[in-house]
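Q: Give me a 3D structure for the following:
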Amino acid sequence: MEVNDVADYIVTEAQWLSIIQNDAASDGKFFYAVKTTGIFCRPSCKSKPPNRENITVFPNADHALSAGYRPCKRCKPTGLRLPDEEWISVVAEYIDKHYMEELSLQLLADLAHGSPYHLHRTFKKVNGVTPVEYIQKVRIEQAKSRLSTTSQPVAEIGKQVGLPNTPYFITLFKKLTGLTPANYRSLHTTISKGGS
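A: Below you'll find the predicted structure:
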C-alpha cells in the first residue's frame, strides 16, 4: 500500500500513547492505519494495539480512505459500518498472504478488529466455510502446487504451507483431496508424462 508524502504521516510519541491507551479524547484529532491489515481506526479503538512500526497516521478519515485503507469494523471511524463482505475480504486476503504462518481465529479477529465469534459466524455466512476451513483449503492448494512442481520431501512441503506436523498434514491432505501427498504427486507426474 503506497502512501503519498509519508513524512507527514509518521506517528508521534503523543499519538502512539493515545493509541495504546485507547484515548477517546484524541478521537477526531487523527486516525491511525495499520499497514499489515489495511484497516484504519480511531485512537480509542479497543482492538489489540498493532506494532508501532506498522502504523501510519492521518489527519482525517478521508485521507485514510484515499490511501486505500478500510474502516475498522469495531470502532467505525467513518461513522458507518463496514459491509460484511468487505470486512471478510480483508481477512481472506490476509490468510492468502500469510497461510504459511501460525494462524488462529483469535489472531485473525485481533487483526480484523472484531471478536472471534463474530468473525467465525460472518466469515462462514459470506464465504460458506469457516476461517479454519478456508486456511486449510489455501494450505492444501499450495501443497498441491508444490507437490506437482518440485521434488521436495512431503514433510518439507508441509512445513512450507504452515502444516509442520507431518502426520496431520498427510491426514488433512487426504481428507480434502482423497489422496495422500505421495499419491497426488505420483498421479500428477503420471498425467504430466502421459500428456507430453
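Q: how about the nearest residue to residue 163, chain neighbours excluded?
A: In this structure, residue 163 finds its nearest non-sequential neighbour in residue 169, 4.0 Å apart by C-beta to C-beta, 6 or more residues apart in numbering. For the C-beta atoms, the positions are set from N, CA and C on the backbone; glycine is no exception.
Q: Thought residue 181 was touching that neighbour, still the case?
A: Yes. Counting by C-beta atoms under 8 Å, residue 169 sits close enough to residue 181 to count as a contact (7.3 Å).
Q: quick one: the nearest residue to residue 44 once chain neighbours are set aside and residue 151, what's the gap?
A: Excluding its sequence neighbours, the residue lying closest to residue 44 (C-beta to C-beta, 6+ apart) is residue 24, at 4.1 Å. Using C-beta to C-beta, to the nearest Å, residue 24 is found at 57 Å from residue 151.
Q: Same question for residue 83.
A: From residue 83 over to residue 151 (counting by C-beta to C-beta), the distance is 45 Å.
Q: Which one of these two is surrounded by more residues?
A: Using other C-beta atoms under 10 Å as the criterion, residue 83 and residue 151 rank with residue 83 on top: 12 against 8.
Q: on that earlier part again, next, show the common contact partners of residue 169 and residue 181.
A: Shared contacts of residue 169 and residue 181, defined by C-beta atoms under 8 Å, 6 or more residues apart in numbering, comprise 143, 154, 157, 158.
Q: What helices and strands are in contact with the strand or helix carrying the third one?
A: When elements are defined using DSSP states H and E, residue 157 is found to belong to helix 154-160. Of the remaining helices and strands, those touching helix 154-160 by 3 or more C-beta pairs under 8 Å, 6 or more residues apart in numbering; DSSP states H and E are helix 131-149, helix 166-177, helix 181-195.
Q: so of these, which one's packed in deepest?
A: Ranked by mean neighbour count, those are led by helix 131-149 with a mean of 18 (mean count of other C-beta atoms under 10 Å).
Q: Just the C-alphas of it, formatted as PDB.
A: Taking Å, rounded to 0.1, in the frame of the first residue of the first chain, the C-alpha atoms of helix 131-149 are listed here in PDB:
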ATOM      1  CA  PRO A 131     -11.900 -19.400   8.700                       C
ATOM      2  CA  VAL A 132     -10.200 -22.600   9.700                       C
ATOM      3  CA  GLU A 133     -11.700 -24.500   6.700                       C
ATOM      4  CA  TYR A 134     -10.500 -21.600   4.500                       C
ATOM      5  CA  ILE A 135      -7.000 -21.700   5.900                       C
ATOM      6  CA  GLN A 136      -6.900 -25.500   5.400                       C
ATOM      7  CA  LYS A 137      -8.100 -25.200   1.800                       C
ATOM      8  CA  VAL A 138      -5.400 -22.500   1.000                       C
ATOM      9  CA  ARG A 139      -2.700 -24.600   2.500                       C
ATOM     10  CA  ILE A 140      -3.700 -27.700   0.700                       C
ATOM     11  CA  GLU A 141      -3.900 -25.800  -2.600                       C
ATOM     12  CA  GLN A 142      -0.400 -24.500  -2.000                       C
ATOM     13  CA  ALA A 143       0.800 -28.000  -1.100                       C
ATOM     14  CA  LYS A 144      -0.700 -29.400  -4.300                       C
ATOM     15  CA  SER A 145       1.200 -26.900  -6.400                       C
ATOM     16  CA  ARG A 146       4.500 -27.700  -4.700                       C
ATOM     17  CA  LEU A 147       3.900 -31.400  -5.000                       C
ATOM     18  CA  SER A 148       3.300 -31.100  -8.700                       C
ATOM     19  CA  THR A 149       6.200 -28.700  -9.400                       C
END
